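**Q** fold the following, please.
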Amino acid sequence: MKVKPLGDRVLIEPYKAEEKTKGGIFLPETASKEKPQEGTIIAVGAGKKADDGKVIAMSVKVGDKVLYGKYSGTDLKIDDKDYLIVREEDILAIIG
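**A** Predicted coordinates:
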């Protein structure tokens, strides 16, 4: 699989939804699990193009663990794996 995001977009592999609570209670499949908001960056675009034509470099890189907005991006499935494509501005923080 070779996916190259365009412009200021980033391909993220989201972490799996929690199977148990912080208190140790296991969540059944029927329980509504929240969509994860953390993931690892798999690929990055070249960067955003400014009005003068120059490309503004990305501030994130492949391998970064990030926190992104709850309803950000576009979900897609490649080779039976779930991914998310978001704009760099939808990434809220780099974790760790």
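**Q** list the residues that contact the spatially most central residue of the chain.
**A** Residue closest to the average C-alpha location in the chain (Cα atoms, centre = their mean): Ile12, at 3.3 Å. Ile12 sits next to Gly39, Thr40, Ile41, Ile42, Val66, Tyr68, Gly73, Tyr83, Leu84, Ile85, Val86 when contact means Cβ atoms under 8 Å, 6 or more residues apart in numbering. Every C-beta, even on glycine, is put in place using the N, C-alpha and C of the backbone.
**Q** of these, closest to Asp8?
**A** Ranked by distance to Asp8 (Cβ to Cβ), those are led by Val86 at 9.6 Å.
**Q** next one: phi and psi at that closest one?
**A** Per-residue torsions, Val86: phi -130, psi 160 (degrees, to the nearest 10).
**Q** excluding its backbone neighbours, what's nearest it?
**A** Gly73 (3.5 Å; Cβ to Cβ, 6 or more residues apart in numbering).
**Q** which residues does the one you found contact?
**A** So Gly73 contacts Ile12, Leu84, Ile85, Val86, Arg87, Asp90 (Cβ under 8 Å, 6+ apart).
**Q** buried only: go through the residues you listed for me.
**A** For these, a burial check counting by 16 or more other Cβ atoms under 10 Å picks out Ile12, Leu84, Ile85, Val86, Arg87, Asp90.
**Q** many thanks, we can stop here.
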